[in-house]
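J.: A predicted structure for the sequence below; I have some questions about it.
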Amino acid sequence: MKFNIKRFMLINLGLLIMTLGMYFFLIPSNLAVGGATGLAMILSYLIPSIPMGVILAALNIILFITAFIVLGKEFGGYTVYASLALSGMIGLFELVIPMTAPFTDDLFINLIFGILINGVGMGIVFNQNASTGGTDIIAKIINKYTHMDIGKSLLASDFFITIFAGLVFGARLGMYALLGIVINSLVIDKMIAGFNVKINMLIISAELDSINGYILSDIGRGTTIYHGEGGFSNEDKRIINTIVSRSEYIKIRDFVRNIDKKAFVSVSYVTEVEGEGFTY
């Protein structure tokens, strides 16, 4: 497994964001919103003599072997690190900033802030092809074999933990937890879609050769040129089609505006692109 420093830093950033959401909002409110973390919260409540960080680390070990076998060494290796690092971060916060109560006594506010912050962190971690262990591994397996969005896969794997939370912490907290995992799944899917979004451009211009050369040489992206006919003018048209990143789109758009103010440019968003220059 080749070490990637950028990926490693992004995973740690995601873990830190997750820790902030869980430790300051979800954990003090007993909002067990699924996952090994939610199960650890339940067990920590039932067995208060054992720190939650220790319980979380123990639970994650159960699924590590599955991650290595089913999802590969790279995913498994980063998942082992991420799960242990998350446990360590929570344990460190418990020592440095003990939380005896949540910031507010409003359960709904704690749920919304905790879930939104936690979901952003999880989205970053998942986008780097890693997970924080526990039911995240199950969600990744579901995603791999069914191609269900990772957020929805996580919702499916965490459902029963929220039911357990309702039995332990009461129906009110259980329903909040169920609401939490639904919101969490939406946040994660939106985050990942945002990371992966690309822009599909269709360009019709009298300066097509110059624009095509700019995209190929200066931007470094491939193009496809279609031949068509104007429905009103009956004139032959050539149409450039290219898929680019957000920053590349801005450069191409500005170039087209400068070279041909009458150019027609159509833009649509693409959430997944595979092929040379994108996935390998």
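T.: Here it is on my side, so go on. Numbering: from 1, shown residues only.
J.: which residues pair with residue 243 across the strands?
T.: With DSSP bridges applied, the residues forming beta bridges to residue 243 are residue 200.
J.: I'd say it and residue 270 touch.
T.: Yes - look at residue 243 against residue 270 with CB atoms under 8 Å: they come within range, at 6.2 Å. Every C-beta, even on glycine, is put in place using the N, C-alpha and C of the backbone.
J.: Now do the shared contacts for these two.
T.: 198, 199, 200 (CB atoms under 8 Å, 6 or more residues apart in numbering).
J.: Among residue 243 and residue 270, which residue is more densely surrounded?
T.: The residue with more neighbours, out of residue 243 and residue 270, is residue 243; 20 against 13, by other CB atoms under 10 Å.
J.: Please determine how far the more buried one is located from residue 228.
T.: For residue 243, the distance to residue 228 equals 19 Å [CB to CB, to the nearest Å].
J.: Which of the shared contacts of residue 243 and residue 270 are buried, as a ChimeraX select command?
T.: In ChimeraX, this line selects whichever of these come out buried by 16 or more other CB atoms under 10 Å:
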select :198,199
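J.: what about residue 132, how many residues close to it?
T.: 27.
J.: Am I right that it is in a strand?
T.: No - going by DSSP: H, G, I helix; E, B strand; the rest coil, the assignment for residue 132 is coil, not a strand.
J.: Next up, the contacts around it.
T.: Taking CB under 8 Å, 6+ apart, one finds 15, 18, 35, 36, 37, 60, 79, 82, 83, 86, 122, 125 in contact with residue 132.
J.: Tell me the one among those nearest to residue 131.
T.: residue 79 (4.9 Å; CB to CB).
J.: now the helix or strand that contains the closest one, how far from the chain's geometric center?
T.: Using DSSP states H and E, residue 79 maps to helix 73-96. Its chain's average C-alpha position is 17 Å from that of helix 73-96, according to CA atoms, centre = their mean, to the nearest Å.
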